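Participant: Structure for the following, please:
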Amino acid sequence: MKGLSTLGKHIFLYIAISIIGFIIVSTVCYKIDYKRIYNYYSDRLYLQANEIANEYALDYFSETRLRSIELELHSVSVLNDTRIIFITPSGDVILDTNDSTKDKSNNDEKILYSIEDFDYGDLHGKHDILWNFYNLLNEPTLSVFAPISNSFEIKGYVVINIPDSVITDRVYDTFNTNYLTLIITLFLSASFLGLYFIQVHKPIKEITKATTEYGKGNLSYHIKPMLNDEIGRLGMSLDYMASQLNESDKFQQKFLSNISHDFRSPLTSIKGYLEAIQDGTIPPEMLDKYIGIMLFETERLTKLTSNILTLNELDPKSVCLDISVFDLNSIIRHTVETFEGTCKKKGIKFNITYANSIQNVKADKGRIQQVIYNLIDNAIKFSKDGSYIYITVKEKGEKAQISIKDTGCGISKEDIDKIWDRFYKSDSSRGRDKKGSGLGLSITKEVIQAHGENIDVVSTLGVGTEFIFTLELAK
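Facilitator: Sure thing, here's the model as predicted:
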């Protein structure tokens, strides 16, 4: 059975059980039914034999009486397929309802025939025996004995014989129900086997095929819909896992593509300007301008490299936060001051509201400063000249809620769920700020999630955008 599939094994077992069941029904069950009906006839005939012995005991030796009751007992024998015999202790048969062996040479008209080897002890204390009655009968017969006694003396025996064929016919009349029960049981078992094929074998075969496809790298293979049971949920889980791995694979390809693009563009620019300086294409009076452009591109590469390293450090499997208690208000003030030059050029002003003069929180100070920096930088990038950026710190239970809101161009509904993706840039971002790497918001979300906190965004196109996140208050 090693080479058989699970379904093949079940079919083999079903056939084997069917054969064994048929053998058991044909042998064991038959013997049980035969024994039950044999005992039924034995008890019934013994009761009948005793009634006959009690009724005819007083005038047992009356020849006239014997011949008259012989007619009555003959009718009973015909109705019951039996043969009734009166026999003396010495073996002389004086009544036989089916007498075909009468010895005409016997002078005693009362004795029909004699059985030389008759011995009541052959029953070994029982009242019944299955035999051919001293070779008198042509087939196995159930013989039931009842003693005829008078004045505490055994005068003879009533023997009622019934052919074994009558018993077996009665067994077969009721035994067919056993075969019918077996057939119904096998049909129900076959139905169960069919259900097994539909609900277990077929889904497992589909899951096996799916895992084979996944092993070949075909993560786009989808498992067919299944029932909502344990196997179905397993199939859905595998399908979901494959889709996530497929998305991860696509994301990795996109990630590498974006990195290659963002590294290649400034490197190509720097290389081109350096070659132009080397071969004298750029005049000396324009040298400072192009060196400034190369410094800009170098700064862009430096920031991109720094952000990639930061994302690597924020891997959920290996992230390590330096948790401490610090004043959040102080971090916000210092971060805002770093953008003073940029804000003056664009005429952007800050409106800051603190819940308390000192707002102590429990977090990684360096990471949170980076989060605030990224969000303010993002707000300035998309704000109009001469607009306001609103920063608010509130207390919500055991949390500090920080809000950074701009009144810029806003984010469209199509882009709102994509802004957290690595290297994602909206068209406006690429147009306004060539130095953006598309990693700032991704880093921000991963830092907040590493702290076990949440960050949300609310934005209306043409009105502005608000980022809200929480931190644990220091007790």
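Participant: correct me, but Tyr179 touches Val25?
Facilitator: Yes. In this structure, Tyr179 is within contact of Val25 by CB atoms under 8 Å, at 6.4 Å. For glycine as for every other residue, the C-beta is placed from the backbone atoms N, C-alpha and C.
Participant: Settle it for me: which of the two has more neighbours?
Facilitator: Val25 (17 against 13; other CB atoms under 10 Å).
Participant: quick one on the thing from earlier: overlap in contacts, Tyr179 and Val25.
Facilitator: The contact sets of Tyr179 and Val25 do not overlap (CB atoms under 8 Å, 6 or more residues apart in numbering).
Participant: residue ranges for the strands of this structure, please.
Facilitator: Secondary structure of the chain (DSSP state E): strands at 83-87, 92-96, 113-114, 128-131, 141-150, 153-163, 323-327, 349-353, 360-364, 388-396, 399-406, 455-460, 464-473.
Participant: among those strands, which is nearest Ala242?
Facilitator: Closest approach to Ala242 among these (CB to CB): strand 455-460, 29.5 Å.
Participant: How far off centre is that closest one?
Facilitator: 41 Å (CA atoms, centre = their mean, to the nearest Å).
Participant: That strand packs against which elements?
Facilitator: helix 440-450, strand 464-473 (3 or more CB pairs under 8 Å, 6 or more residues apart in numbering; DSSP states H and E).
Participant: what does the average pLDDT come to for the last one?
Facilitator: Taken as a whole, strand 464-473 has an average pLDDT of 93.
Participant: contacting residues around that strand?
Facilitator: 328, 359-363, 368, 371, 375, 378-379, 382, 395-396, 398-408, 410-411, 444, 448, 451, 453-459.
Participant: can you redo the helices and strands packed on strand 455-460 as a markdown table with mean neighbour count and distance to Ala210?
Facilitator: Output for those, formatted as a markdown table (neighbours: other CB atoms under 10 Å; distance: least, CB to CB, whole Å):
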| stretch | mean neighbour count | distance to Ala210 |
| --- | --- | --- |
| helix 440-450 | 21 | 31 |
| strand 464-473 | 21 | 40 |
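Participant: Make JSON lines out of the ones you listed and add distance to Thr168.
Facilitator: Formatted as JSON lines, those follow (distance: least, CB to CB, whole Å):
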{"stretch": "helix 440-450", "distance to Thr168": "84"}
{"stretch": "strand 464-473", "distance to Thr168": "89"}
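Participant: ok, Ile167 touching Tyr34?
Facilitator: Yes. Judged on CB under 8 Å, Ile167 makes contact with Tyr34 at a distance of 7.1 Å.
Participant: Which of the two has more residues huddled nearby?
Facilitator: Ile167 (20 against 17).
Participant: Would you enumerate the residues in contact with that one?
Facilitator: Tyr34, Ile37, Tyr38, Tyr41, Leu142.
Participant: The third one is in contact with Leu142, isn't it?
Facilitator: Spelled out, it's Tyr38. Yes. Counting by CB under 8 Å, Tyr38 does reach Leu142; the two are 6.9 Å apart.
Participant: more crowded one of the two?
Facilitator: Leu142 (21 against 18).
Participant: Distance of that one relative to Val78?
Facilitator: For Leu142, the distance to Val78 equals 17 Å [CB to CB, to the nearest Å].
Participant: how about stretch 441-452 as PDB, C-alpha atoms only?
Facilitator: The C-alpha trace of stretch 441-452 is given here as PDB (Å, rounded to 0.1, in the frame of the first residue of the first chain):
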ATOM      1  CA  LEU A 441       6.900  58.900   5.600                       C
ATOM      2  CA  SER A 442       7.800  55.200   5.400                       C
ATOM      3  CA  ILE A 443      10.500  55.700   8.100                       C
ATOM      4  CA  THR A 444       8.100  57.800  10.100                       C
ATOM      5  CA  LYS A 445       5.400  55.100  10.200                       C
ATOM      6  CA  GLU A 446       7.900  52.300  11.000                       C
ATOM      7  CA  VAL A 447       9.400  54.400  13.900                       C
ATOM      8  CA  ILE A 448       5.900  55.000  15.400                       C
ATOM      9  CA  GLN A 449       4.900  51.400  15.000                       C
ATOM     10  CA  ALA A 450       8.100  50.200  16.600                       C
ATOM     11  CA  HIS A 451       7.000  52.200  19.700                       C
ATOM     12  CA  GLY A 452       3.700  50.300  19.600                       C
END
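Participant: ok, back up a step: mind checking which of the helices and strands packed on strand 455-460 is nearest Tyr388?
Facilitator: Per CB to CB, nearest to Tyr388 of the helices and strands packed on strand 455-460: strand 464-473, 9.7 Å.
Participant: okay, the angle between the closest one and strand 388-396?
Facilitator: 30 degrees (axes from the mean of the first three to the mean of the last three CA atoms, to 10 degrees).
Participant: please begin residue numbering at 632 from this point
Facilitator: Yes, from this point I'll number from 632; that puts the last item at strand 1095-1104.
Participant: got the angle between strand 1095-1104 and helix 1071-1081?
Facilitator: 30 degrees.
Participant: what's the angle from strand 1095-1104 to strand 991-995?
Facilitator: Strand 1095-1104 runs at 90 degrees relative to strand 991-995, counting by the same axes, to 10 degrees.
Participant: Direction included, what does strand 1095-1104 pair up with?
Facilitator: Counting by DSSP bridges, the strands paired with strand 1095-1104 are strand 991-995 (antiparallel), strand 1030-1037 (antiparallel), strand 1086-1091 (antiparallel).
Participant: Tell me how this protein divides into domains.
Facilitator: 637-801, 861-943, 951-1104 (automatic domain parsing).
Participant: how far does the last one sit from the chain's center?
Facilitator: Translated: domain 951-1104. That offset, for domain 951-1104, works out to 46 Å (CA atoms, centre = their mean).
Participant: okay, which residue is most central for this structure?
Facilitator: Residue closest to the average C-alpha location in the chain (CA atoms, centre = their mean): Glu861, at 2.1 Å.
Participant: In contact with that one, which residues?
Facilitator: Taking CB under 8 Å, 6+ apart, one finds nothing in contact with Glu861.
Participant: and the nearest residue to Ile785 once chain neighbours are set aside, how many residues sit next to it?
Facilitator: Closest residue to Ile785 apart from its sequence neighbours, by CB to CB, 6 or more residues apart in numbering: Pro778 at 5.4 Å. Pro778 has 16 neighbours, counted by other CB under 10 Å.
Participant: show me the contacts for Pro778.
Facilitator: Ala684, Tyr751, Ile785, Gly787, Tyr788, Val789.
Participant: all helices for the stretch 932-1081 of the chain, in order.
Facilitator: In the stretch 932-1081 of the chain, the segments counted as helices under DSSP state H, counting those that start in this stretch are 959-969, 971-977, 996-1013, 1044-1047, 1058-1063, 1071-1081.
Participant: Looking at the ones you listed, which is nearest to Pro856?
Facilitator: helix 1044-1047 (29.9 Å).
Participant: for that closest one, which positions count as buried?
Facilitator: Asp1046 (16 or more other CB atoms under 10 Å).
Participant: the longest helix in this structure is where?
Facilitator: helix 861-909 (DSSP state H).
Participant: Run the chain-centre distance for that helix.
Facilitator: 36 Å.
Participant: which residues of the stretch 632-781 of the chain score low on pLDDT?
Facilitator: Within the stretch 632-781 of the chain, the segments meeting pLDDT under 70 span 632-635, 688-694, 731-740.
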